[in-house]
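Enquirer: Let's see this in three dimensions:
(one chain, ligands or ions: 1)
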Amino acid sequence: MTIVTRFAPSPTGFLHIGGGRTALFNWLLARRHGGKFLLRIEDTDRARSTQAAVDAILDGLKWLGLDWDGDAISQFERKDRHAAVVEEMLANGSAYRCYCTPEELDAMREAQKAAGQQPRYDGRWRDRDPSEAPAGIAPAIRLKAPREGETVVKDHVQGEVRVQNSQLDDLILLRSDGTPTYLLAVVVDDYDMGVTHVVRGDDHLTNTFRQLQIYNAMGWKAPEFAHIPLIHGPDGAKLSKRHGALGIEAYRDMGFLPETMRNYLLRLGWGHGDAEIIPTEQAIEWFDLEGIGRSPSRLDFAKMENLNGHYIREASDARLVDLTVPFIEQRLGRALTPADKDRLLQSVPGFKPRVKTLVELADGSLYLFANRPLPLDEKAAGLLTADARSQLGALAEAFAASTEWTAAALEQIVREQAERTGLKLGKLAQPLRAALTGSTVSPPIFEVAEILGRVESLARLEDVTKG
Ligand code: GLU
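Expert: Numbering: from 1, shown residues only. You can find the predicted model right below:
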């Protein structure tokens, strides 16, 4: 059997981090077994679905590196097929027309509530003769759901979950305006798309009982199910806006790498022994539904950052440059020149052990492109005392006299001056860092000076000594 999975987002906003994880699990399952990963946009809610949201979801998936097979399918465009299936159900006796008016349904609900019962459709048109149909009322079409027995979901994560059929009422398949309901559309689409495994959030588990009843009514084999626990915030509460970033694109904008997110989201709800660093190729080899945990997992931003630091160290310098340039250009408000990019490329190795996000890399490297005189942050300004400035003046002269402009040669000059003046190396190196970068933290300062080059370094030193 070829495994076919799908991701079925409703396009009402960005790609939610939970949706990203659901997509990842489906993608991994398909890739693990050489199957197919399909994408279906559940755009039947015309009022809430927007093209901008569809684009945001596609962008999010592409950024995460989760490629889908074939074209994305629009659920809305399949509405005629959904209606045709309901016709089949009418013909095979598993569905019926219900002529209740909205007022009648309201009255039913109110009466049930008043009697302390769960509001539900009481099945009053289930066995009525269609000849009794009132004139001028467009009927809704309902499933003739079984009343006896139970419906059982054999779930890969939740185990066997059962509900008494007497608890489920006859759900609407087609509304009186002829539009299909969500529960119907999902079943028809999953069936037609040949979906073998449905992996989705456990907030859909209660829908599954009803969906199984639709499969049974059509005599269709149902897919296998895995309902994954939702993601919680660091405080253990259900993830919500107050926890901050909810959309995948927010993590991109914070400077996380897609491979970090794939690894992090995988571990958020799935485990393989105590492995924490699981590159995607390894994940494809290992992924299985059995490794999905049963309890909700908590977001842990510190862990995510540490993981990102790992993948930044693993990434090639050239790729990091490409990924960081947009952040820098946004901050500078101008495009980087090829020479700027080259400087960045040379400075990346110095940053790798120090930064956890691309934003830190961008912010940390701004000094490379800053206009002179460099703005000094408060700590840097504090270091540049009159004494320090005069030391830097002497250093600048020695630098200018050096024939060689390499980190090693410059370090040697600083060491010699430290020895001569009886200063600790740091007492010279820190003001030098302040003068060259405007900050007190940076990659190794002699490398910084080498990358900045002779002309720019000496000019920056002059700015603070002659200023
Ligand atoms: N469209 C649903 C959602 O965005 C998913 C439905 C499903 O996976 O069956 O939550």
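Enquirer: just the strands in the chain please.
Expert: Secondary structure of the chain (DSSP state E): strands at 4-7, 36-41, 73-74, 95-98, 140-143, 150-155, 159-164, 172-174, 197-201, 224-228, 231-232, 297-298.
Enquirer: What parts of this protein come near the ligand?
Expert: 8-10, 42, 186, 200, 204 (C-beta under 6 Å from any ligand atom). Glycine gets a C-beta too; all of them are placed from N, C-alpha and C.
Enquirer: Inside helices: which ones of these?
Expert: The subset of these located in helices under the criterion DSSP state H comprises residue 186.
Enquirer: hmm, back to that, would you point to the one among the strands of the chain that's packed deepest?
Expert: Across the strands of the chain, the average number of neighbours (mean count of other C-beta atoms under 10 Å) peaks for strand 4-7, which reaches a mean of 25.
Enquirer: Chain neighbours aside, what residue packs nearest to residue 446?
Expert: Closest residue in space to residue 446, ignoring its immediate chain neighbours: residue 407 at 3.9 Å, by C-beta to C-beta, 6 or more residues apart in numbering.
Enquirer: Could you tell me which residues make contact with that neighbour?
Expert: 444, 446-447, 449-450 (C-beta atoms under 8 Å, 6 or more residues apart in numbering).
Enquirer: let's see 7 Å
Expert: 446-447, 450 (C-beta atoms under 7 Å, 6 or more residues apart in numbering).
Enquirer: before we move on, what about residue 81?
Expert: Contacts for residue 81 (C-beta under 7 Å, 6+ apart) come out as 188, 192.
Enquirer: Distance of it relative to the ligand?
Expert: As for residue 81, its distance to the ligand is 17 Å (criterion: C-beta to the nearest ligand atom, to the nearest Å).
Enquirer: again with residue 113
Expert: Applying C-beta to the nearest ligand atom to residue 113 and the ligand gives a distance of 28 Å.
Enquirer: The closest residue to that residue other than its chain neighbours: neighbour count?
Expert: Nearest non-adjacent residue to residue 113, counting by C-beta to C-beta, 6+ apart: residue 119, 5.9 Å away. Neighbourhood size, residue 119 [other C-beta atoms under 10 Å]: 14.
Enquirer: give the contact list for the closest residue to residue 186 other than its chain neighbours.
Expert: Nearest residue to residue 186, sequence neighbours excluded (C-beta to C-beta, 6+ apart): residue 211, at 6.3 Å. Applying C-beta under 7 Å, 6+ apart to residue 211 gives the contacts 183, 186-187.
Enquirer: And those residues, which is closest to residue 423?
Expert: Ranked by distance to residue 423 (C-beta to C-beta), those are led by residue 186 at 72.7 Å.
Enquirer: For residue 293, see how far away the residue of the stretch 301-450 of the chain found nearest the ligand is.
Expert: Using C-beta to the nearest ligand atom, the single residue of the stretch 301-450 of the chain nearest to the ligand is residue 304, 23.4 Å away. Per C-beta to C-beta, to the nearest Å, residue 304 is found 18 Å from residue 293.
Enquirer: wait, isn't residue 139 in contact with residue 98?
Expert: Yes - taking contacts as C-beta atoms under 7 Å, residue 139 lies within contact range of residue 98: 5.7 Å.
Enquirer: follow-up on the earlier one: in this structure the residue nearest to residue 113 contacts residue 107, no?
Expert: No - Residue 119 lies out of contact with residue 107 (C-beta under 7 Å); the separation is 11.1 Å.
Enquirer: how far does stretch 136-145 sit from the chain's center?
Expert: 40 Å (C-alpha atoms, centre = their mean, to the nearest Å).
Enquirer: Figure out the length between the terminal residues of it.
Expert: Start to finish, the residues bounding stretch 136-145 are 26 Å apart (C-alpha to C-alpha, to the nearest Å).
Enquirer: neighbouring contacts of that stretch?
Expert: 86, 90, 93-99, 101, 126, 133, 165, 168, 170-176, 213-214, 217.
Enquirer: what do you get if the cut-off is 8 Å, keeping everything else the same?
Expert: 86, 89-90, 93-101, 121, 125-126, 133, 165, 168-178, 210, 213-214, 217.
Enquirer: Looking at the residues you listed, which are in helices?
Expert: 86, 89-90, 210, 213-214, 217.
Enquirer: would you turn these into CSV with neighbour count?
Expert: Below are those laid out as CSV (neighbours: other C-beta atoms under 10 Å):
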residue, neighbour count
86, 22
89, 21
90, 16
210, 20
213, 23
214, 25
217, 21
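Enquirer: any idea which of those is the one closest to the ligand?
Expert: Nearest to the ligand, judged by C-beta to the nearest ligand atom, of these is residue 210 at 11.8 Å.
Enquirer: That closest one contacts residue 183, doesn't it?
Expert: Yes - the criterion here is C-beta atoms under 8 Å, and residue 210 meets it with residue 183 at 5.3 Å.
Enquirer: Stretch 185-195: which residues count as buried?
Expert: Buried residues in stretch 185-195, defined by neighbour count with 16 or more other C-beta atoms under 10 Å: 185-191, 193, 195.
Enquirer: Please convert these to a markdown table, extending it with pLDDT.
Expert: Shown next, in a markdown table, are the buried residues of stretch 185-195 (pLDDT from 0 to 100):
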| residue | pLDDT |
| --- | --- |
| 185 | 98 |
| 186 | 98 |
| 187 | 98 |
| 188 | 98 |
| 189 | 98 |
| 190 | 98 |
| 191 | 98 |
| 193 | 98 |
| 195 | 98 |
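Enquirer: Nearest the middle, which residue of this protein would you pick?
Expert: residue 248 (3.1 Å; C-alpha atoms, centre = their mean).
Enquirer: Report the contact partners of it.
Expert: Contacts of residue 248 by C-beta under 8 Å, 6+ apart are 14-17, 19-20, 60, 63-64, 261.
Enquirer: For the ligand, state which of those residues is nearest.
Expert: Nearest member of the contacts of residue 248 to the ligand, counting by C-beta to the nearest ligand atom, is residue 19, at 6.6 Å.
Enquirer: and that closest one, how many neighbours?
Expert: 23.
Enquirer: Would you quantify the distance from it to residue 146?
Expert: Distance from residue 19 to residue 146, by C-beta to C-beta: 33 Å.
Enquirer: got the ones in helices among the contacts of stretch 136-145 as CSV, with pLDDT columns?
Expert: Converted to CSV, these look like this (pLDDT from 0 to 100):
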residue, pLDDT
86, 98
89, 98
90, 97
210, 97
213, 98
214, 98
217, 98
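Enquirer: Need those in TSV (columns: distance to residue 354).
Expert: Below are those laid out as TSV (distance: C-beta to C-beta, whole Å):
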residue	distance to residue 354
86	61
89	63
90	67
210	54
213	58
214	56
217	61
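Enquirer: Now for those: which two are most distant?
Expert: 90 and 210 (18.0 Å).
Enquirer: And the residue of the stretch 151-300 of the chain that's closest to the ligand?
Expert: Taking C-beta to the nearest ligand atom, the stretch 151-300 of the chain has residue 200 as its residue nearest the ligand, at 3.7 Å.
Enquirer: Looks like that residue contacts residue 21 (just checking).
Expert: No - using C-beta under 8 Å, residue 200 is not in contact with residue 21; the gap is 10.7 Å.
Enquirer: separation between residue 362 and residue 169?
Expert: Distance of residue 362 to residue 169, computed by C-beta to C-beta: 56 Å.
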